[in-house]
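Asker: All I have is the shape, not the residue letters:
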């Protein structure tokens with residue numbers, strides 16, 4: 001039991017435009033990740049540390065974001081989490097759910113696969129080294145991962161496991177009420193049974209529904225101190241690790257610092273080194289942080305789904321390092337072929 005546990009009461013909505021349209025922290029996090037990635041890649045491109053020219057970067061980052069991160073991340077969520085958790089029936093009944101990114105549900109491993117596939121096509125089209133393209137994205141990807149995990153925390157989702165007795169790290173996440181019917185019933189009963197509370201709330205403009213749900217309680221925690229106090233009291237023994245913050249540090253801050261240091265300190269580092277370091281360190285950080293995160297999918301061979309997928313990511317990282325050692329090529333040796341520019345030059349030559 002942790003009597004001083006902080007009750008998570010952050011609002012995932014920044015600005016509610018209409019009943020169905022809102023500006024959310026989750027969407028802003030993706031936008032900040034893409035913008036941050038663009039400016040960092042632009043800085044690298046100006047210093048000949050990335051093979052994509054500056055005038056092509058905006059389009060490149062946009063397509064990576066759409067086809068790689070968003071579509072890849074969403075399909076990864078469906079394949080790695082949605083179908084294993086709920087079976088094929090729900091997906092077959094509504095296959096378009098795989099495209100509804102705005103409804104939430106993204107998988108970082110799926111995003112990595114999506115980025116890999118799109119950049120492979122881009123590298124073929126522009127006759128540039130695929131691994132050199134991936135290296136730059138590996139360096140800036142932790143920026144997006146950091147913002148994404150912070151958005152997870154603001155949303156109160158993907159929270160951690162219940163803290164060890166006596167731990168001071170525990171936080172109460174009211175969103176848990178939607179996953180634990182028994183706990184929700186106890187909290188709802190306390191709200192109804194507290195003498196004078198329903199009348200007091202009604203007089204203050206807060207209508208208490210006859211049949212409340214978990215979402216109503218979560219919303220009231222944010223704007224009604226009396227409800228927040230009840231949730232705090234009833235959920236003290238459900239205080240959980242803020243695993244989103246642990247992942248934001250491991251996958252974002254720490255990983256970016258290491259990769260950026262290597263890129264700047266060793267400008268002629270071999271192609272593949274950054275992909276290898278990213279994959280291995282990300283996997284290690286994810287495996288460790290998953291020990292504090294509440295599993296959101298069935299276990300595989302005694303590992304959480306995130307840990308299981310990360311084991312394969314370590315192997316991918318080792319493969320990239322082997323590639324780097326064998327080829328010993330640097331980004332400065334890469335050339336970028338622009339088919340549109342080539343066609344214009346040929347047309348001008350014929351006209352002349």
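Answerer: Everything's here; your move. Note that the structure is a prediction, hence the values are computed from the model and not measured. Numbers count the residues shown, from 1 in each chain.

Asker: State the pLDDT value of the residue nearest to residue 5 when sequence neighbours are not counted.
Answerer: Setting aside the residues directly before and after it, residue 5 is nearest to residue 239 in space (Cβ to Cβ, 6 or more residues apart in numbering), at 3.8 Å. Every residue, glycine included, has its C-beta placed from N, CA and C. In this model, residue 239 is scored at 95, pLDDT.

Asker: again, but for residue 22
Answerer: Residue 22 carries a pLDDT score of 82 in this model.

Asker: ok, now how distant is it from residue 106?
Answerer: Using Cβ to Cβ, to the nearest Å, one gets 18 Å for the distance from residue 22 to residue 106.

Asker: Please apply the same query to residue 281.
Answerer: Computed as Cβ to Cβ, the residue 281 to residue 106 distance reads 21 Å.

Asker: hang on, the earlier thing: residue 22 and residue 106: who's more crowded?
Answerer: The residue with more neighbours, out of residue 22 and residue 106, is residue 106; 20 against 13, by other Cβ atoms under 10 Å.

Asker: Show the contacting residues for the more buried one.
Answerer: The contact partners of residue 106, taken as Cβ atoms under 8 Å, 6 or more residues apart in numbering, are 70, 73-74, 76-77, 148.

Asker: export those residues to CSV and tack on neighbour count?
Answerer: As requested, the contacts of residue 106 are exported to CSV (neighbours: other Cβ atoms under 10 Å):
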residue, neighbour count
70, 19
73, 23
74, 25
76, 22
77, 21
148, 25
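
Asker: now, which of the residues you listed sits nearest residue 58?
Answerer: Nearest to residue 58 among the contacts of residue 106: residue 70, at 16.7 Å, using Cβ to Cβ.

Asker: quick one: the strands in the stretch 1-150 of the chain?
Answerer: 6-7, 13-16, 22-24 (DSSP state E, counting those that start in this stretch).

Asker: And those: which comes nearest residue 229?
Answerer: Across these, the minimum distance to residue 229, taken as Cβ to Cβ, is reached by strand 6-7, at 8.7 Å.

Asker: which helices and strands does the closest one pack with?
Answerer: Applying 3 or more Cβ pairs under 8 Å, 6 or more residues apart in numbering; DSSP states H and E, one finds that strand 6-7 contacts strand 171-172, helix 225-234.

Asker: average pLDDT for whichever helix or strand comes after the last one?
Answerer: If I follow you right, that is helix 225-234. Once the chain leaves helix 225-234, the next helix or strand it forms, by DSSP states H and E, is helix 243-247. Across helix 243-247, pLDDT averages out at 97.

Asker: taking the mean pLDDT, what do you get for the next helix or strand after helix 243-247?
Answerer: Counting by DSSP H and E, the element after helix 243-247 in chain order, helix or strand, is helix 255-265. For helix 255-265, the mean per-residue pLDDT is 98.

Asker: Of all the residues in the next helix or strand after helix 255-265, which ones are buried?
Answerer: Moving toward the C-terminus from helix 255-265, the next helix or strand (DSSP H and E) is helix 273-289. Residues of helix 273-289 classed as buried by neighbour count (16 or more other Cβ atoms under 10 Å): 273-287, 289.

Asker: any chance of the contacts of residue 106 in CSV, plus distance to residue 141 and pLDDT?
Answerer: What follows is the contacts of residue 106, written out as CSV (distance: Cβ to Cβ, whole Å; pLDDT from 0 to 100):
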residue, distance to residue 141, pLDDT
70, 14, 85
73, 12, 87
74, 17, 87
76, 15, 86
77, 17, 85
148, 10, 92
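
Asker: Can you pull up the most central residue in this structure?
Answerer: Most central in the chain under Cα atoms, centre = their mean is residue 148, positioned 4.0 Å from the mean C-alpha point.

Asker: What sits closest to it if chain neighbours are left out?
Answerer: With sequence-adjacent residues excluded and distances taken as Cβ to Cβ, 6+ apart, residue 148 is closest to residue 29, at 5.3 Å.

Asker: What is the neighbour count of the one you found?
Answerer: With neighbours defined by other Cβ under 10 Å, the count for residue 29 comes to 21.

Asker: repeat for residue 305
Answerer: Look at residue 305: counted by other Cβ under 10 Å, it has 20 neighbours.

Asker: Could you single out the most deeply buried of the strands of the stretch 1-150 of the chain?
Answerer: Each of these was assessed for mean neighbour count using mean count of other Cβ atoms under 10 Å. The highest is strand 6-7, with a mean of 16.

Asker: Neighbouring strands - and their directions - for that one?
Answerer: With DSSP bridges as the test, strand 6-7 is paired with strand 171-172 (parallel).

Asker: So which other helices or strands are in contact with the helix or strand just after the strand it pairs with?
Answerer: On the C-terminal side of strand 171-172, the closest following helix or strand by DSSP H and E is helix 181-193. Contact here means 3+ Cβ pairs under 8 Å, 6+ apart; on that basis helix 181-193 packs against helix 197-203, helix 214-223, helix 225-234.

Asker: Turn these into a markdown table, columns for distance to residue 124.
Answerer: Shown next, in a markdown table, are the helices and strands packed on helix 181-193 (distance: least, Cβ to Cβ, whole Å):
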| stretch | distance to residue 124 |
| --- | --- |
| helix 197-203 | 62 |
| helix 214-223 | 47 |
| helix 225-234 | 54 |
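
Asker: To residue 51, which of those lies closest?
Answerer: So among these, helix 214-223 is nearest, using Cβ to Cβ, at 46.9 Å.

Asker: out of the helices and strands packed on strand 6-7, nearest to residue 183?
Answerer: Closest to residue 183 of the helices and strands packed on strand 6-7 is helix 225-234 (Cβ to Cβ; 7.6 Å).
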